[in-house]
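A.B. asks: mind folding the following:
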Amino acid sequence: QALQERIKPVLMINKLDRMVLELKTEPEEAYLKLRQAIENVNVVISTYADDRTKASLGTVMVEPEAGTVAFGSGLQAWGFTLKQFAKIYSTKFSTTRYKMRQRLWGSWCMVKSKDPKTGKKKTSWKKSDKLIREGEAKRAFVQFILDPIYQLANAVLTNKTDMVEKMLKGIGVKLKSDEKDLRDKVLLKRIMQKWLPAGDAVLEMIVMHLPSPRRAQKYRVADLYEGPADDEAAIAMRNCDPEGPLMMYVSKMVPTSDKGGRFYAFGRVFSGRIATGQKVRIMGPNYTPGKKDDLWEKSIQRTLIMMGGMTEAVADVPAGNTCGLVGVDQYLIKSGTISTFVGAHNIKQMKYSVSPVVRKAVVPKNPSDLPKLVEGLKRLAKSDPMVQITSTESGEQIIAGAGELHLEICLKDLQEDFMKGAPIRVSEPVVSYRETVSAPTSEVCLSKSPNKHNRLFCLADQIPMELQEAIEDGKVKPNPKDPKVQSKELAEIYGLTVDPKRLWAFAPDTNGPNLLIDETSGVQYLNEVKESINAGFQWGCKNGPLCDESVRGVYLKVQDVALHADSIHRGMGQVMPTARRVLFACMYLSQPTLMEPVFLAEISVPNDETGGVYSALALRRGNVEEEIPVEGTPMLNMRAFLPVNESFGFDTALRAATGGKAFPQCTFDHWDTLNGTPFDDGSKVQEIVQNCRERKGLKKEMPPLDQYKDKL
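C.D. replies: Down below sits the predicted model:
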């Protein structure tokens, strides 16, 4: 993604502390692992770097000896590049920093030997894998960088105080009196932070190896700006002109520390300057030039420079810098463009190569914390552009993230920062199913009202999948402008011939994909009970007979109705429950089954790793629909269908099966009918129905047919 957008990469290899403290990897083996990691990154870079990228960015490979790779630990906040060690050792060995940097990576080693003439010991530099393999010499990276780190860690963790003090003197680290009382990992963390601060290493890489905004914007504006390449805003952005019209992109919202739950809008100024009190046009992601939608003209309350956890208020911020704004969070949700130029177009939205596929359901442990949870989720969604929050039919709050690790961090932030430590319970989300039928009813079903004076005779049948989708997409409506045109379309396209007046209702919620059709003739008082039958049908479709899930894809055809002559005996209370029971009886006799939701998984993967994708999908009832090669790269885009119920943990399983080279994006695609009925012992449908009923506190076994169907 970075290379497609022409952003030059540098590499930071993280979690070195785990290699030293937990895995206790031998230094030589650690070097080989680090080298392997760098080679893997370079393979990915060479795969995606096309000629256009190379022309703009120059060399894009990352190399430790060039200073474009840093090593360290993000959690413990320490890190280094070879430059920092080359600076120390170049004076010791009286050589240039450049030469020292080359020698600290690869198979360079320092060899001790005797001078044959004088007999004195001397040291010389040699490049030899053979000497290292045979153990006659140590690799320079191991001897001069890893060994000192390992020795220091060992001395601190085994409480060798004298040795630690001697080493601290050697590396020039002074501890304050209160820091000397620290022990074990906490002390090691403090020493490493003072000796090799991560900020210095990363900042040095950024300053020395990444292009300045003035240089980068010249070639990046074409990829960034949605408007014409020659308008005033584009020219000012290309030149990074502080005197041009203001163009700023807000990329994310950063939560403030105050109680009000407000956010700083954080972003980069591409041209012009942004100042406190300045009147600007705030353009949301859906803004189109010339229209008023998603556009606000407001003044900036305050401009801030954001430095780690601190903020510093300033009068203005010129082009080429990042800044935080106060007061913009009322108008923008996650990102947007801010400008003073009336004809300005939007700066393109950031596209992410990963999508939120890993989902978890969140509930508060104490029901009284629910408002806190809802507010916390809102703030989390605003501050992290990669998080999606949804509420399900079952009332759960579902949080979706880009991977297991990302989700773990989000849940930690949610609990500690956004909910002030209120406890939450996390579980796998509940998958909603739909109840349906797979054949016409085997016989006409009769249900009698509670007072036995009213009878309903009905049949059920399956609605074709195309018609179900047309109803959901709004192509077939409950109350169209011209009912005759719609009934003609129903007959021609979907094969449903019905008089518009006899199509009584859509259900559930009066717009769902179930139809109530009147096929009676010459029934007295029918119009009086029409609404009662409809109400019972809506109720039955909302909570179906199998496991209390919604019904989908069922026609209920009313064949005959026998009603009591006295209107008091055929009221809503008599007819409505009867209509529901007759629907359930008809479904029981129409081979009922379940429909499950299915994801469309779009997976981008290298050609040589497709076997892993097929095996991961086969284990989860998934199937590949098509493979599309990406021109000019060894990549494939695979489109596969994967049942939502099987998708939990799919992201992790897929990465494991392909060595981390496959990236899935899952979106809901369609409903798929399961094979079998809940009456077949040992079938998948029966298992799902029983699990659903248990979860909802219903009896595990389904009610018998004679509870719904009456005898003449």
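
A.B. asks: what pairs with Phe263 across the strands?
C.D. replies: Phe263 forms beta bridges with Pro255, as assigned by DSSP bridges.

A.B. asks: pretty sure it sits against Met253.
C.D. replies: Yes. Counting by CB atoms under 8 Å, Met253 is a contact partner of Phe263 at 3.9 Å. Glycine gets a C-beta too; all of them are placed from N, C-alpha and C.

A.B. asks: so what sits against both of the two?
C.D. replies: 329, 382-383 (CB atoms under 8 Å, 6 or more residues apart in numbering).

A.B. asks: run the chain-centre distance for the longest strand belonging to the chain.
C.D. replies: Identified as the longest strand of the chain according to DSSP state E is strand 592-606. Here the centre of strand 592-606 is set off from its chain's centre by 17 Å, with CA atoms, centre = their mean, to the nearest Å.

A.B. asks: any idea how far Pro577 is from the closest residue to Arg455 other than its chain neighbours?
C.D. replies: Counting by CB to CB, 6 or more residues apart in numbering, Arg455 lies nearest to Ala562, which is 4.2 Å off, once chain neighbours are set aside. Counting by CB to CB, to the nearest Å, the gap from Ala562 to Pro577 is 16 Å.

A.B. asks: what about those two, which has more around it?
C.D. replies: Neighbours per residue (other CB atoms under 10 Å) separate Ala562 from Pro577, with Pro577 holding more: 18 against 14.

A.B. asks: tell me which helix or strand the more buried one sits in.
C.D. replies: helix 572-588 (DSSP states H and E).

A.B. asks: could I get the buried residue list for that helix?
C.D. replies: 574-588 (16 or more other CB atoms under 10 Å).

A.B. asks: can you verify my assumption that Asp710 contacts Leu446?
C.D. replies: Yes. With contact defined as CB under 8 Å, Asp710 reaches Leu446; the gap is 5.4 Å.

A.B. asks: what touches both of these two?
C.D. replies: Shared contacts of Asp710 and Leu446, defined by CB under 8 Å, 6+ apart, comprise Arg455.

A.B. asks: just to revisit the earlier point, among the shared contacts of Phe263 and Met253, which one sits closest to Pro508?
C.D. replies: Among the shared contacts of Phe263 and Met253, Lys382 lies closest to Pro508 (CB to CB), at 32.9 Å.

A.B. asks: how near is that closest one to Gly376?
C.D. replies: 11 Å.

A.B. asks: between these two, who's got more neighbours?
C.D. replies: Gly376 (25 against 21).

A.B. asks: how deep is the closest residue to that one other than its chain neighbours tucked in, by neighbour count?
C.D. replies: Using CB to CB, 6+ apart and skipping residues adjacent in sequence, the residue nearest Gly376 is Phe418, 3.6 Å away. Using other CB under 10 Å, Phe418 has 21 other residues around it.

A.B. asks: wait, Phe418 sits on Arg379?
C.D. replies: Yes. Phe418 sits in contact with Arg379 when judged by CB under 8 Å, with a separation of 4.7 Å.

A.B. asks: need the overlap of contacts for those two.
C.D. replies: Pro255.

A.B. asks: where does the stretch 251-400 of the chain dip in pLDDT?
C.D. replies: Where the stretch 251-400 of the chain drops to pLDDT under 70, the residues are 259-260, 351-358, 392-395.

A.B. asks: just the chain next, same as before
C.D. replies: For the chain, the ranges with pLDDT under 70 are 1, 259-260, 351-358, 392-395, 402-404, 632-633.

A.B. asks: mind checking the longest helix of it?
C.D. replies: Counting by DSSP state H, the longest helix found in the chain is helix 27-48.

A.B. asks: gap between that one and the chain center?
C.D. replies: 27 Å.

A.B. asks: let's see it as CSV, backbone CA atoms only.
C.D. replies: Below are the C-alpha coordinates for helix 27-48, written out as CSV (Å, rounded to 0.1, in the frame of the first residue of the first chain):
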residue,chain,number,x,y,z
PRO,A,27,23.2,-14.0,19.6
GLU,A,28,24.4,-15.6,16.3
GLU,A,29,20.9,-17.2,15.8
ALA,A,30,19.3,-13.9,16.7
TYR,A,31,21.4,-12.2,13.9
LEU,A,32,20.3,-14.9,11.4
LYS,A,33,16.6,-14.3,12.3
LEU,A,34,16.9,-10.5,12.0
ARG,A,35,18.6,-11.0,8.6
GLN,A,36,15.8,-13.3,7.5
ALA,A,37,13.2,-10.7,8.6
ILE,A,38,14.9,-8.0,6.6
GLU,A,39,15.2,-10.2,3.5
ASN,A,40,11.4,-11.0,3.7
VAL,A,41,10.6,-7.3,3.8
ASN,A,42,12.8,-6.6,0.8
VAL,A,43,11.1,-9.5,-1.1
VAL,A,44,7.7,-7.8,-0.5
ILE,A,45,9.2,-4.4,-1.5
SER,A,46,10.7,-5.7,-4.7
THR,A,47,7.4,-7.4,-5.6
TYR,A,48,5.4,-4.2,-5.4
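
A.B. asks: that one versus strand 592-606: what angle between them?
C.D. replies: 100 degrees (axes from the mean of the first three to the mean of the last three CA atoms, to 10 degrees).

A.B. asks: for the host helix or strand of Pro148, which positions count as buried?
C.D. replies: When elements are assigned from DSSP H and E, Pro148 belongs to helix 147-157. Along helix 147-157, these residues count as buried under the neighbour rule (16+ other CB under 10 Å): 149-150, 152-153, 155-156.

A.B. asks: can you lay out the shared contacts of Phe263 and Met253 as TSV showing secondary structure and distance to Ile347?
C.D. replies: TSV is the format used below for the shared contacts of Phe263 and Met253 (DSSP: H, G, I helix; E, B strand; the rest coil; distance: CB to CB, whole Å):
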residue	secondary structure	distance to Ile347
Asp329	helix	18
Lys382	helix	19
Ser383	helix	20
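
A.B. asks: closest to Met310 among those residues?
C.D. replies: Among the shared contacts of Phe263 and Met253, Ser383 lies closest to Met310 (CB to CB), at 17.6 Å.
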